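Q: sequence-free structure coming up:
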């Protein structure tokens, strides 16, 4: 995708989300933060479309990482949104979700690019003959 088209689409996405938040909240700091967060997120995810691919082809059928991200995202956003207003602060919830998207996309990008080596500190499981086994990725 051409850079100019990517930036135009990211601006439209960020502007649309920010406009939706502006219908409920008028804080300039919140609106600028929402726009910048979603513009950066949309630009990153449009630049690397592989970040949007879900991989449901796991052997065991359970995606623990996805479950942790979903649960942590839900808990964090709801806590963030409810701590600022009663019953809920929509702008804070939208900003929190944008930060999750940005952080997740950037983290995946760093791992895929090889900038962050992904190495578990867990002790590998042993099979019946006492030799350590590694689970194939």
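A: That came in fine, so what should we check first? Owing to the predicted nature of the structure, the values given are computational and were not obtained by experimental measurement.

Q: and the lengthiest helix in the chain, which residues are buried?
A: Taking DSSP state H as the criterion, the chain has its longest helix at helix 90-113. Across helix 90-113, burial judged by 16 or more other CB atoms under 10 Å covers 90-102, 105, 108-109. Every C-beta, even on glycine, is put in place using the N, C-alpha and C of the backbone.

Q: stretch 78-92 now?
A: Of the residues in stretch 78-92, 80-81, 89-92 count as buried by neighbour count, 16+ other CB under 10 Å.

Q: and what of stretch 24-32?
A: Buried positions in stretch 24-32, judged by neighbour count with 16+ other CB under 10 Å: 30-31.

Q: and what of stretch 8-21?
A: The neighbour-count check on stretch 8-21 (16+ other CB under 10 Å) flags 10, 13-14, 17-18, 21 as buried.

Q: what's the closest of the residues you listed to residue 48?
A: For the buried residues of stretch 8-21, the minimum distance to residue 48 (CB to CB) is 12.8 Å, reached by residue 10.

Q: got a pLDDT number for that closest one?
A: Among the per-residue scores, residue 10 holds a pLDDT of 93.
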